[in-house]
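Visitor: The following block contains a protein sequence and its predicted model.
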Amino acid sequence: MIALTKPQIIMNDGLPAFAVIPWNEYQELTQPYDSDAQVWIPHEIVKATLLDDVSIIRAWRTYFGLTQQELAQRSGLSQPTLARLEKVGAKPRTSTLKKLAVAMGITVEQLRG
């Protein structure tokens, strides 16, 4: 088996028509989330925060279909504390963001937007 190290260009009538790349490079290019390169945030979250003026914490909670009480219990916070953190302009500590991220199965970077 020959391992390609650079793309193979297939020409058609003297013009590039296709590029053949190694499988591992293709897989890297088609991954929706690469933790080292970018932060993936679903369209619904972006829309809620930009158009509906909702905090990113609330947008994620709603995205996962959780109530404030459910997320508070999962993260070890009280429901009133979570309600305060969900207000637009709230500035939660990194340690609090870590609790919320773990509770929702996302990264702290995704909660920072």
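Guide: Arrived safely, thanks for sending. Residues are numbered from 1 along each chain as shown.
Visitor: What's opposite residue 9 in the beta bridge?
Guide: Legend: beta-bridge partners of residue 9 under DSSP bridges are residue 19.
Visitor: burial count for it?
Guide: For residue 9, the neighbour count with other CB atoms under 10 Å is 11. For the C-beta atoms, the positions are set from N, CA and C on the backbone; glycine is no exception.
Visitor: start the count at 28, not 1, going forward
Guide: Okay, residue one is now 28; in that scheme the one you just asked about reads as residue 36.
Visitor: Contacts only, for it.
Guide: Neighbour list for residue 36: 43, 45, 46, 47 [criterion: CB atoms under 8 Å, 6 or more residues apart in numbering].
Visitor: List just the nearest of those to residue 122.
Guide: residue 46 (46.0 Å; CB to CB).
Visitor: Which pair in the contacts of residue 36 has the greatest spatial separation?
Guide: 43 and 47 (11.3 Å).
Visitor: if I look at those two, which residues touch both of them?
Guide: 36, 37.
Visitor: Apart from its chain neighbours, what residue comes closest to residue 48?
Guide: Closest residue to residue 48 apart from its sequence neighbours, by CB to CB, 6 or more residues apart in numbering: residue 34 at 4.8 Å.
Visitor: Against residue 37, how distant is residue 102?
Guide: With distances taken as CB to CB, to the nearest Å, residue 102 is found 52 Å from residue 37.
Visitor: nope, residue 111 is what I meant
Guide: For residue 111, the distance to residue 37 equals 58 Å [CB to CB].
Visitor: Could I get the full set of helices for the protein?
Guide: Using DSSP state H, the helices of the chain run over residues 50-57, 70-77, 83-90, 95-102, 106-112, 121-131, 135-139.
Visitor: Please work out which of those helices is packed deepest.
Guide: helix 83-90 (a mean of 21; mean count of other CB atoms under 10 Å).
Visitor: Taking helix 70-77 as reference, get the angle to that one.
Guide: With axes from the mean of the first three to the mean of the last three CA atoms, to 10 degrees defining the directions, helix 83-90 sits at 140 degrees from helix 70-77.
Visitor: Just give me how far helix 83-90 sits from the chain centre.
Guide: Centroid separation for helix 83-90 versus its chain: 12 Å, with CA atoms, centre = their mean, to the nearest Å.
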